[in-house]
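Q: Kindly generate the corresponding structure for this input.
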Amino acid sequence: MDKLQTIPDEVLVARYAGGENEAFDTLLDRYKDKIYTYIYYTVRNAELAEDIFQETFTKAIVTIQQGRYNENGKFQAWLIRIAHNLIIDCYRQEKQENLISCDEEARNLLNSIQLSEGTIEAEMVNHQILADVRRLVRFLPEEQREVIQMRFYQNLSFKEIAEQTGVSINTSLGRMRYAILNLRRMAEKYDIVLTMD
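A: I've put the predicted structure just below:
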């Protein structure tokens, strides 16, 4: 791990994308304090900051593993942008939940595309993707399966997962990272498509 500390971010990202998980551990250690501090001083709520922090690194993991990371030389700025966007999303959601409905909104409610039913084809594809994911999750090691189920099916934060499983938040994040990596490998091996597009 000490040798990795001197390696530039971009090299670590490339190594992680290539399957070297310790490279991401180094990146996490390098930036976790700065990212958490940025989030906390923006939202001023420890629990919310923890959730956004965890979601930031989960998004980073998924983006790198999907080969979509291309912010050359700006890894910290990229992480802060992810965190910033999640904070904005959080505030938007809070604002929507606090909106008072009026007659005009009630009339427009029936025309809302968000409330309209999807096409039968999209529903079938989505159903198939969920079934494929459930099937693949069964083949994960117990600890990884547990964190996937708690995060996505029980909607628990990484802090709650850590408390319930008796491990650190970093360990919970690590298990999620390995679970996503293993799901991706299995999907590629068996030619299973896990996206709608």
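Q: Just name the shakiest helix or strand of this protein by mean pLDDT.
A: helix 103-109 (a mean of 44; mean pLDDT, DSSP states H and E).
Q: Which SSE is immediately downstream of the helix or strand harbouring Thr63?
A: Element membership of Thr63, judged by DSSP states H and E, is helix 46-65. Helices and strands here follow DSSP H and E; after helix 46-65, the next one along the chain is helix 75-97.
Q: which element is Asp191 on?
A: Counting by DSSP H and E, Asp191 is found in no helix or strand.
Q: hmm, I was thinking of Leu181
A: Using DSSP H and E, Leu181 sits in helix 169-189.
Q: and the angle from that helix to helix 46-65?
A: For helix 169-189 against helix 46-65, the angle by axes from the mean of the first three to the mean of the last three Cα atoms, to 10 degrees is 30 degrees.
Q: If you average the pLDDT over helix 169-189, what comes out?
A: For helix 169-189, the mean per-residue pLDDT is 84.
Q: what's the following helix or strand after the helix or strand hosting Gln128?
A: Here Gln128 sits within helix 120-137, counting by DSSP H and E. Per DSSP H and E, the first helix or strand lying C-terminal to helix 120-137 is helix 142-148.
Q: any idea how far that next one is from the chain center?
A: Helix 142-148 has its C-alpha centroid displaced from the chain centroid by 15 Å (Cα atoms, centre = their mean, to the nearest Å).
Q: now do stretch 76-96
A: Stretch 76-96 has its C-alpha centroid displaced from the chain centroid by 13 Å (Cα atoms, centre = their mean).
Q: list the buried ones in stretch 151-171?
A: Arg151, Leu156, Ser157, Phe158, Lys159, Glu160, Ile161, Ala162, Ile169, Thr171 (16 or more other Cβ atoms under 10 Å). Placement of C-beta: from N, CA and C, glycine included.
Q: per-domain residue ranges of the protein.
A: Each domain of the chain is listed here as a residue range: 1-99, 119-197, per automatic domain parsing.
Q: okay, and for the chain, where does confidence drop off?
A: 1-2, 71, 95-127, 129, 193-197 (pLDDT under 70).
Q: how does it look with 80?
A: For the chain, applying pLDDT under 80 flags the ranges 1-3, 71-73, 93-134, 152-155, 189-197.
Q: Count the residues that sit near Asn70.
A: The criterion is other Cβ atoms under 10 Å. On that basis, Asn70 has 8 neighbouring residues.
Q: so what's it up against?
A: Asn70 makes no contacts at all, as judged by Cβ atoms under 8 Å, 6 or more residues apart in numbering.
Q: Next: Gly166.
A: For Gly166, counting by Cβ under 8 Å, 6+ apart, there are no contacting residues.
Q: go on, Gln93?
A: Listed by Cβ under 8 Å, 6+ apart, Gln93 has no contact partners.
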